[in-house]
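A.B. asks: What shape does this take:
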Amino acid sequence: MACRISELVLGCRDPEALARFWCAVLDFVVLGREDDGSMEIGPREGFGGPQPTIFLSRRDEPEKGATRLHIDVSATDRDQDAELGRLLELGARPADVGQTGNESWHVLADPEGNEFCLLKARIKTL
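C.D. replies: Residues are numbered from 1 along each chain as shown. From the prediction side, this is the model:
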């Protein structure tokens, strides 16, 4: 038996704002809220399904040093350019991590500056 990723934890100052952003990006819903303002978002079927959930852990200060993990997303129902436009409208912004401009992906940052990539390949929904 092997493990699989069940949830990703992302430290943030404003879990509500990031929940709105990532729920819109991934078509997720809020699954739970903690007393400290932390939140868990995920697919409508909830925790334990084929996709991991994201736990938005409220932190007053950002983590020290560079983030060592980032999220890659792929469009499910449109091409990369159309999805890039949608993500920018939702509040993502371009991020420069030293890319050459010849990459097949776009590097973006969410409203709190967490980097993620929009890949070229379109994938089917689960």
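A.B. asks: Quick check: which ranges of this structure have low pLDDT?
C.D. replies: For the chain, the stretches flagged by pLDDT under 70 are 1, 62-67, 125-126.
A.B. asks: Where do the strands of it begin and end?
C.D. replies: 7-12, 29-33, 39-42, 53-58, 71-73, 93-94, 106-109, 115-118 (DSSP state E).
A.B. asks: Could you find the closest non-adjacent residue to residue 41?
C.D. replies: Excluding the flanking residues, the one nearest residue 41 by C-beta to C-beta, 6 or more residues apart in numbering is residue 28, at 4.5 Å. All C-beta spots, glycine's among them, are computed from the backbone N, C-alpha and C.
A.B. asks: That neighbour and residue 113: what is the separation?
C.D. replies: With distances taken as C-beta to C-beta, to the nearest Å, residue 28 is found 20 Å from residue 113.
A.B. asks: Have a look at these two and say which one is more surrounded.
C.D. replies: Neighbour comparison, residue 28 and residue 113: the larger count goes to residue 28, with 18 against 11 (by other C-beta atoms under 10 Å).
A.B. asks: Neighbours of the residue nearest to residue 108 when sequence neighbours are not counted, how many?
C.D. replies: In space, and not counting its chain neighbours, residue 108 is closest to residue 92: 4.3 Å by C-beta to C-beta, 6+ apart. Residue 92: 20 surrounding residues under other C-beta under 10 Å.
A.B. asks: backbone phi and psi for residue 92, please?
C.D. replies: phi -70, psi 160 (degrees, to the nearest 10).
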